[in-house]
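**Q** Dropping a prediction and its sequence here:
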Amino acid sequence: VKVTLVVPVGFVGASHRLTGDLVTLSPYGLFVRTKREVQAGTVLRVGIAVGHETFRAAAVVRHSDAGEGFAVEFIQMSANDRALLRRLYLRFSSPQD
């Protein structure tokens, strides 16, 4: 689903600490807008605030467009994080008033 609100996303990896804005979200991954380039294959930890909680998952960069952003696929998350992701996905996929 395309995200029309400004939703910051944080990433931490072996040699990366960066933030970006969420562009699209799916149950399997996301695309984030950022000026920083991250190579495909890079493993990162993802964090997104969901109310008073934080969605966290391990992800691998699958595609990167220099100056535009990159796409990640989620590769590991807890059951609680899976529930938070579902909540986020449903919020963005339901019609906005």
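**A** Perfect, thanks for sending it.
**Q** can you pull the buried residues of stretch 43-58?
**A** Neighbour-count burial for stretch 43-58 flags L44, V46, G47, I48, V50, F55, R56, A57 (criterion: 16 or more other CB atoms under 10 Å). To be clear about C-beta, it is placed using only N, CA and C from the backbone, and glycine gets the same treatment.
**Q** taking the residues you listed one by one, which sit in helices?
**A** Using DSSP state H, no member of the buried residues of stretch 43-58 falls within helices.
**Q** Nearest residue to the middle of this protein?
**A** Closest to where the C-alpha atoms of the chain average out (CA atoms, centre = their mean) is L30, at 4.7 Å.
**Q** Tell me which two of the buried residues of stretch 43-58 sit farthest apart.
**A** Spanning the widest gap among the buried residues of stretch 43-58 are L44 and V50, at 18.2 Å by CB to CB.
**Q** one step back: out of the buried residues of stretch 43-58, who's nearest T19?
**A** G47 (9.4 Å).
**Q** residue contacts, the closest one?
**A** The neighbours of G47, taking CB atoms under 8 Å, 6 or more residues apart in numbering as the test, are V9, G10, F11, V12, T54, F55, R56.
**Q** Please convert those residues to JSON lines, extending it with distance to A66 and pLDDT.
**A** Below are the contacts of G47 laid out as JSON lines (distance: CB to CB, whole Å; pLDDT from 0 to 100):
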{"residue": "V9", "distance to A66": "18", "pLDDT": "96"}
{"residue": "G10", "distance to A66": "20", "pLDDT": "95"}
{"residue": "F11", "distance to A66": "16", "pLDDT": "96"}
{"residue": "V12", "distance to A66": "21", "pLDDT": "94"}
{"residue": "T54", "distance to A66": "28", "pLDDT": "95"}
{"residue": "F55", "distance to A66": "27", "pLDDT": "97"}
{"residue": "R56", "distance to A66": "27", "pLDDT": "97"}
